[in-house]
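Peer 1: coords below, sequence missing:
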């Protein structure tokens, strides 16, 4: 069955430290993966998707088909990065979301 | 454009009551979805629609009905509310399969 796993419920890092939010998936076809972010009191919004190969707000994510992973990384965390992050897999007309990781960046 | 609008923002129901959560989008998006967000469970898909007149079940459809009479609206109905349906409900839409989802602000529903 297709699923998305985010093993960490909470990740706390100090400002300026590197960040890696883990995401693993299981999918039999060619995956389309996304990272969504929800800042406090804001709507859930798209952060980035693997097909774009872009860097948004300093975040990048590389699809590793061998390890079936799509980890989200940022070299230097900032306080405004504190939010809830969801990894998602698109399957046809629907998305499968992970359970989310809350990132807290400490001053 | 208002984007995706959900009403109400908050609601408290008694067990057994029925309720319709409204979702409207003004972006002429074909795809619309309903999710529930629960602590430790992430977002789980309840129902989705790929166009007017077409709906399909997601991961947790039991206890919920949907319809898609128009492109703009995608209401979610709770026929007989149960405490297990206490959650935050999010509606999302996207133009087509290749476009990102736009989410509403959510509806916080408590069932006593």
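Peer 2: Received it, and whenever you're ready, just let me know what you need. Small disclaimer: the values here were computed from a predicted structure and weren't measured.
Peer 1: any low-confidence regions in chain B?
Peer 2: Scanning chain B for pLDDT under 70 picks out B:1.
Peer 1: list the contacts for the most centrally placed residue in it?
Peer 2: Central residue of chain B (C-alpha atoms, centre = their mean): residue B:34, 3.1 Å from the mean position. Neighbouring residues of residue B:34 by C-beta atoms under 8 Å, 6 or more residues apart in numbering or on different chains: B:21, B:23, B:45-48, B:58, B:64, B:66, B:74, B:76, B:89-92. For the C-beta atoms, the positions are set from N, CA and C on the backbone; glycine is no exception.
Peer 1: restrict the residues you listed to contacts with chain A.
Peer 2: Applying C-beta under 8 Å from any C-beta of the partner chain to those, one finds that B:45, B:48, B:58, B:90, B:92 fall near chain A.
Peer 1: now, which of these sits nearest residue B:83?
Peer 2: Of all those, residue B:90 has the smallest distance to residue B:83: 19.8 Å, by C-beta to C-beta.
Peer 1: any chance of the ones next to chain A among the contacts of residue B:34 in CSV, plus secondary structure and neighbour count?
Peer 2: Output for these, formatted as CSV (DSSP: H, G, I helix; E, B strand; the rest coil; neighbours: other C-beta atoms under 10 Å in any protein chain shown):
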residue, secondary structure, neighbour count
B:45, strand, 21
B:48, strand, 24
B:58, coil, 20
B:90, strand, 24
B:92, strand, 26
